[in-house]
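K.L.:
Give the three-dimensional model of this entry:
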Amino acid sequence: MPAEIIGADGPTPVLHDPHVAIVVQKRDFIDRVVAATGARRTDARPIIEATLAQLGMVLSAGHTLAVPPLGRARINLERDARGGDVITLRLRRRAPPPA
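P.N.:
Presented below is the predicted three-dimensional model:
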């Protein structure tokens, strides 16, 4: 249950991070795609790597990326930091259809 701050307008919920970020490494990502498609790993891996490279190039060029079902990604902030670009994205996804 989230903590509350009692103010003049009544209790106000204090929002905390809902969870710690879980990092999915490229190897695990490829395994998930292979499992979802049933493709052979040797066939899927170069296609997935090329797709990820193209996503990176499009975003580095400053373009908005509209790729359903991922969503629409646009650059919110971009800066250079210690030998690499730092790109902050805003990703808008459609709500899943009701069950």
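
K.L.:
pull the longest helix from the chain.
P.N.:
helix 41-60 (DSSP state H).

K.L.:
Show me the beta-bridge partners of Ile75.
P.N.:
For Ile75, the beta-bridge assignment (DSSP bridges) gives partners Leu89.

K.L.:
Was I right to think it contacts Ile87?
P.N.:
Yes: assessed by C-beta atoms under 8 Å, Ile75 is found in contact with Ile87 at 5.8 Å. In this view, the C-beta of every residue, glycine as well, is placed from N, C-alpha and C.

K.L.:
Overlap in contacts, the two.
P.N.:
Taking C-beta atoms under 8 Å, 6 or more residues apart in numbering as the criterion, Ile75 and Ile87 both touch Leu59.

K.L.:
by how many degrees do the helix or strand containing Arg72 and helix 41-60 diverge?
P.N.:
Here Arg72, judged by DSSP states H and E, is contained in strand 71-81. If you take axes from the mean of the first three to the mean of the last three C-alpha atoms, to 10 degrees, strand 71-81 sits at 70 degrees to helix 41-60.

K.L.:
I appreciate the help and will end here.
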